[in-house]
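Engineer: need a structure here:
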Amino acid sequence: MYLTTSACTKCAKCWEVCPTDCIKHPDGIPFSCTTCGICASVCPTTAIRKNRFGGYYVDRSRCTRCGMCVKHCPFTFAKIVNDRVRGICIRCGKCVDVCPVNARIDILKSVKQPIDYAVLLEVATPERLKAIIEGKPIEIKAEATK
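Structural biologist: So this is what the prediction gives:
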C-alpha cells in the first residue's frame, strides 16, 4: 500500500502516471488502493490474482466482468471501464518514483507484516488519511487480531 505524506504538493503526477487508475484524489490528496485483496477473494473465476510485488492484477482471459470486485471494494477503487476492470493496484511503484518531493511512501516497507486489515480498513479512508496527514488525532474502534 502506498500512502501520501504531508509533504505532498498536490502536483498530480502520481495519479497521472498510474497505469491502473487506482489513485483517487479527494481534496487533491492522493489516496491509493490498499491492496487488501477483497476483490480477489470475491472473484468467482479467480481472475484477480496477487503478483510477486504484493499487488493484484486481472487475468483478462478469465474475467467475465461480473462486477463482484466492484461491488465489494471497500474504497470503491475497482471499476469496469471500457469492458476492463480498472482501479486495482499492481504495486508497480511508479507513483513513488515520479513524486518530486518524495511524498509517496511504500508503507509495506515500513510496517510489520501481516497488516491487520480490520484496523487498516477503518483508518484508510480519504477523510481519516487527510486527518492523519494534517496531524489530527483519530479514534480507532477496530481491534487488531493477535
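Engineer: can we go C-alpha only for contacts and neighbour counts from here?
Structural biologist: OK.
Engineer: what are the ranges of the strands in this structure?
Structural biologist: Assigned by DSSP state E, the chain shows strands spanning 2-4, 23-24, 31-32, 48-50, 56-58, 79-81, 84-86, 104-106.
Engineer: ranges for the helices of this structure?
Structural biologist: Here the chain has its helices, by DSSP state H, at 13-17, 38-42, 68-72, 94-98, 117-123, 126-133.
Engineer: Any idea how far the third one is from the middle of the chain?
Structural biologist: For helix 68-72, the separation from the chain centroid amounts to 14 Å (computed by C-alpha atoms, centre = their mean, to the nearest Å).
Engineer: Quick check: the spatially most central residue of the chain vs Pro137, distance?
Structural biologist: Residue closest to the average C-alpha location in the chain (C-alpha atoms, centre = their mean): Cys33, at 1.2 Å. The gap separating Cys33 from Pro137 is 23 Å, by C-alpha to C-alpha, to the nearest Å.
Engineer: again, but for Ser61
Structural biologist: Applying C-alpha to C-alpha, the value for Ser61 to Pro137 is 45 Å.
Engineer: Settle it for me: which of those two has more neighbours?
Structural biologist: Pro137 (10 against 7; other C-alpha atoms under 10 Å).
Engineer: sorry, back to before: now tabulate the helices of the chain in JSON lines and tack on distance to Asp106 and mean pLDDT.
Structural biologist: Converted to JSON lines, those look like this (distance: least, C-alpha to C-alpha, whole Å; pLDDT from 0 to 100):
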{"stretch": "helix 13-17", "distance to Asp106": "13", "mean pLDDT": "95"}
{"stretch": "helix 38-42", "distance to Asp106": "20", "mean pLDDT": "96"}
{"stretch": "helix 68-72", "distance to Asp106": "24", "mean pLDDT": "97"}
{"stretch": "helix 94-98", "distance to Asp106": "8", "mean pLDDT": "96"}
{"stretch": "helix 117-123", "distance to Asp106": "15", "mean pLDDT": "69"}
{"stretch": "helix 126-133", "distance to Asp106": "15", "mean pLDDT": "70"}
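Engineer: so which of those gets nearest Val85?
Structural biologist: helix 68-72 (8.4 Å; C-alpha to C-alpha).
Engineer: Low-confidence regions, this protein specifically.
Structural biologist: Within the chain, the segments meeting pLDDT under 70 span 110-117, 119-121, 124, 126, 129-130, 132-133, 142-146.
Engineer: All good on my end, thank you.
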